[in-house]
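Visitor: Kindly generate the corresponding structure for this input.
(chains A and B)
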Amino acid sequence: MKPAPFVYHRPASVEDATRLLADLGDEAKVVAGGQSLVPLLNFRLAAPAHLVDVNGIAGLDWLDRADGAVDVGATVRHSRLLREPEVAAAHPLLVEATGWIAHPVIRNRGTVCGSLAHGDPAAELPAVLALLGGSVEAVAWRGGSLISRRVPAAELFAGPLQTTLEVDELVVAATFPTLAAGTGWAVEELARRHGDYALAGVVLTLTVDGDGKPVSGRAAYLSCAPTPVVVDIGPALSDGAGANGLYDLVASSLDPTDDIHATAAYRRHLAATLTVRAIDRALARARTPRPELAAVGDAMPAPTAAGSDVGADR
Amino acid sequence: MSESPGALNPHDLHEVVLTVNGVTRSARVPARRLLSDMLRHDFRLTGTHVGCEHGVCGACTVLLEGEPIRSCLTFAVMVDGARITTVEGLAGPDGELGPVQRAFRECHGLQCGFCTPGFLLLTTELLARSPEPADGEIRDALGGNLCRCTGYVNIVRSVRRAAELMSELRS
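Guide: Here you go, the predicted model:
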């Protein structure tokens, strides 16, 4: 099994990369981790004439938390989010969701921004970005200069593996707003085998008032529609509707379809059941005071060379 | 950007240099050459097995700068200059099996052996990072690789045994 031939480009700067994308138009695909794109190439489901590898661009491997968000540069791998204690402290929801992405070996290569730009409705990070109202920063080379824009999650995902990004745009960063005190979270998924794409999954947040009573909540669903679906679950939390009320609200808000893996009815049942299962954990977390997060604006430097050092040449 | 990028030929060859198991080797390969194919076809290191070729089975797992990756989902040209460890790098220079390999043999951690190179490399990296892993940690580390023979019980047992052997070697 071989990908179709392509021309390989390894630009050294964002400017070079975006000039290439501007020149090549829809003939080019950007590759970072390749964990979703390369299977498509191997199957020849995609056969772009040009691949633009962004791994040679210095300065995209950065993580930062500032202004109530965790920002992630374009070449940051999933595994790095799980390794950095600062990310775990600043954004435990993001870290918990990342732990559900495929397997450790895939997470060693796959990138956060790549997952968002790929726009798979069965993937975790698009649902997280949608839930939190996050955004990506896209840049393009237009009229002789670099033009940057913010694309909010609500406008980013257009369909299965489709986004509203233009062919000349490169995602250089993603912004995941952090949770305020008094807000809890939970992630639940079900897959036939651990690490597979979920048949259905939910990422949710829930906010309590000073007495610990839930006052609002939002849930984002993966594998339930062509794009992540965000449901306001607040009405089923604040009026004491109980588990049945929550189940009914979620089930009536989703309109999944049948496929080879599950029927629509089963998916709907699963999504509602996972929500009921997740809500107690989110509530307990919302009521737990979190230690004061470290000062805003601390940059998190890239870790020093590969953590583990194994192999015959050791 | 002197020449038009659209005019380049997709069949052009790229010089790729890798340090494989401590030995620096190079080959001229097309951009679409997968790392798994470069190891097997260009370097004749056929210990890296290719199963599904789309990232599901894990048989092709190798270590890139010490971290396990799917070599079938990696273009060789993208990792030019990198340090790679394959199953051939786990044995001694005289062919004597390394501790992880000995443990898999002792504990019947394989039957047909096709998936084994991937499991050996995952185990090697896991034990370098966590010398005494709990069972849950072992299962998490191996969970992305498929074995159709053993039912995994003896593979987990092999990893525990490898941890013992390596601890004996250290003391």
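Visitor: Which single residue of the stretch 1-150 of chain A ends up nearest chain B?
Guide: With C-beta to the nearest C-beta, the shortest gap between the stretch 1-150 of chain A and chain B falls at A:His103, namely 2.8 Å. Yep, even glycine has a C-beta here, placed from its N, CA and C like the rest.
Visitor: In this model B:Gly143 seems to touch that residue, though I could be wrong.
Guide: Yes: A:His103 lies in contact with B:Gly143 (C-beta atoms under 8 Å); the separation is 5.6 Å.
Visitor: residues shared between the contacts of those two?
Guide: Counting by C-beta atoms under 8 Å, 6 or more residues apart in numbering or on different chains, the shared contacts of A:His103 and B:Gly143 are A:Gly195.
Visitor: quick one: which of those two has more around it?
Guide: Between A:His103 and B:Gly143, A:His103 has the larger neighbour count (other C-beta atoms under 10 Å in any protein chain shown), namely 22 against 18.
Visitor: In chain B, mark out all the strands, start to finish.
Guide: B:13-20, B:23-30, B:61-64, B:67-70, B:83-85 (DSSP state E).
Visitor: How about the contacts made by the residue of the stretch 1-150 of chain A closest to chain B?
Guide: A:His103 touches A:195, B:58, B:143-144, counting by C-beta under 8 Å, 6+ apart.
Visitor: What's the PyMOL line that selects buried ones from the residues you listed?
Guide: Those of the contacts of A:His103 that count as buried under 16 or more other C-beta atoms under 10 Å in any protein chain shown are selected in PyMOL with:
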select buried, (chain A and resi 195) or (chain B and resi 58+143+144)
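Visitor: Among the contacts of A:His103, give me the pair with the biggest separation.
Guide: Taking C-beta to C-beta as the measure, the contacts of A:His103 reach their widest spread between A:Gly195 and B:Gly58, a distance of 10.4 Å.
Visitor: Skip the chain neighbours and tell me the closest residue to the residue nearest the centre of chain A.
Guide: Closest residue to the average C-alpha location of chain A: A:Leu125 at 1.5 Å, with C-alpha atoms, centre = their mean. Closest residue in space to A:Leu125, ignoring its immediate chain neighbours: A:Ser115 at 4.5 Å, by C-beta to C-beta, 6 or more residues apart in numbering or on different chains.
Visitor: Now for that neighbour: which residues touch it?
Guide: So A:Ser115 contacts A:36, A:78, A:101, A:123-126 (C-beta under 8 Å, 6+ apart).
Visitor: Is it correct that B:Thr85 is in contact with B:Glu67?
Guide: No: counting by C-beta under 8 Å, B:Thr85 does not reach B:Glu67; the two are 9.9 Å apart.
Visitor: What parts of the stretch 51-200 of chain A come near chain B?
Guide: Counting by C-beta under 8 Å from any C-beta of the partner chain, the stretch 51-200 of chain A comes close to chain B at A:51, A:53, A:55, A:79, A:102-106, A:108-109, A:194-195.
Visitor: who touches the residue of chain B found nearest chain A in this structure?
Guide: Nearest to chain A, among the residues of chain B, is B:Gly144, at 2.8 Å (C-beta to the nearest C-beta). Counting by C-beta under 8 Å, 6+ apart, B:Gly144 touches A:102-106, A:195, B:58.
Visitor: Out of these, the closest to B:Gly6 would be?
Guide: A:Ile106 (32.4 Å).
Visitor: and the closest one, that one's in a helix?
Guide: Yes: applying DSSP: H, G, I helix; E, B strand; the rest coil, one finds A:Ile106 inside a helix.
Visitor: hey, where'd the helices end up in the stretch 1-150 of chain A?
Guide: Remark: helices assigned in the stretch 1-150 of chain A by DSSP state H, counting those that start in this stretch are A:14-24, A:37-42, A:78-83, A:85-90, A:92-98, A:104-107, A:112-118, A:124-132.
Visitor: residues making contact with whichever helix or strand A:His269 is part of?
Guide: Assigned by DSSP states H and E, A:His269 falls within helix A:264-287. Residues outside helix A:264-287 that contact it (C-beta under 8 Å, 6+ apart): A:182-190, A:199-202, A:204-208, A:212, A:214, A:217, A:219, A:221, A:223-224, A:233, A:237, A:243, A:246-248, A:250-251, A:254-258, A:262.
Visitor: Any of these buried? List them.
Guide: A:182-190, A:199-202, A:204-208, A:214, A:217, A:219, A:221, A:223-224, A:233, A:237, A:246-247, A:250, A:254, A:256, A:262.
Visitor: and the residues you listed, which of them are in strands?
Guide: Per DSSP E, the subset of those in strands is A:183-190, A:200-202, A:204-208, A:214, A:217, A:219, A:221.
Visitor: How about B:Gly81, nearest residue that isn't a chain neighbour?
Guide: B:Val17 (6.0 Å).
Visitor: which regions of the stretch 101-250 of chain A sit below the pLDDT cut-off?
Guide: Across the stretch 101-250 of chain A, the ranges flagged by pLDDT under 70 are A:239.
Visitor: per-residue pLDDT, the residue nearest to A:Pro3 when sequence neighbours are not counted?
Guide: What sits nearest to A:Pro3 in space, not counting adjacent residues and going by C-beta to C-beta, 6+ apart, is A:Leu41, at 3.8 Å. pLDDT, A:Leu41: 97.
Visitor: Please, where are all the helices along chain B?
Guide: Along chain B, the segments classed as helices by DSSP state H run B:35-37, B:99-106, B:116-129, B:135-142, B:153-170.
Visitor: burial count for A:Gly144?
Guide: 6.
Visitor: for A:Cys113, same thing?
Guide: Neighbours around A:Cys113, by other C-beta under 10 Å: 26.
Visitor: Correct me if wrong: it contacts A:Val136.
Guide: Yes: with contact defined as C-beta under 8 Å, A:Cys113 counts as touching A:Val136 (6.8 Å).
Visitor: need the contact list for A:Gly201.
Guide: Contacts of A:Gly201 (C-beta under 8 Å, 6+ apart): A:100, A:124, A:127, A:187-190, A:221-223, A:271, A:274.
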